[in-house]
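[1] Compute the structure for the input listed below.
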Amino acid sequence: MKTIISTDKSPKAIGPYSQAIKVGNIVYTSGQIPLDPNTMEIVSQNIEEQTLQVLKNLEAILIEAGTSISNVIKTTVFIKDMNDFNTINGIYADFFKENKPARSCVEVSRLPKDVRVEIEAIAIVD
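    The predicted structure is shown next:
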């Protein structure tokens, strides 16, 4: 059984996709970018602020799906510039203090709306 997850506490999809899909006790989020869910505008060009907003958006979706950041088992981090890796990593580590998920991190040439970071996650629901 597939359930579409949607919350107004995270940005609306900017294309033909869902914020997340729940299948059984697994939640698959779409990649989140640093949009403010209220204004649908990019929060800043600052990598710290962008990363924090992305993680807040992910957290809101996971909560709506009945789980939390602590139940994330895998993330994929897409960054525009590998020179931002250490900064992103520091903020990421603050969110994932315990139960650190498996992760892939790749530099890409371009992201939607020319943001600097996008993160997607897979989580379990207890």
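
[2] can you pull the buried residues of stretch 46-62?
    47, 50-62 (16 or more other C-beta atoms under 10 Å). Any C-beta I mention is one placed from the backbone N, CA and C, and that applies to glycine too.

[3] Return the closest of these with respect to N89.
    Nearest to N89 among those: T51, at 9.2 Å, using C-beta to C-beta.

[4] So for the helix or strand that closest one falls within, mean pLDDT?
    Assessed by DSSP states H and E, T51 sits inside helix 47-64. The average pLDDT for helix 47-64 rounds to 98.

[5] How about stretch 16-30?
    97.

[6] repeat for stretch 71-89
    The average pLDDT for stretch 71-89 rounds to 98.

[7] Helices of the chain, residue ranges please.
    Taking DSSP state H as the criterion, the chain carries its helices at 47-64, 85-95.

[8] Please name whichever of those helices is nearest to D36.
    With C-beta to C-beta as the measure, helix 47-64 is the member of the helices of the chain nearest D36 (6.9 Å).

[9] From the contact counts, what lies against the closest one?
    For helix 47-64, the elements it packs on are strand 20-23, strand 26-29, helix 85-95, strand 117-124, judged by 3 or more C-beta pairs under 8 Å, 6 or more residues apart in numbering; DSSP states H and E.
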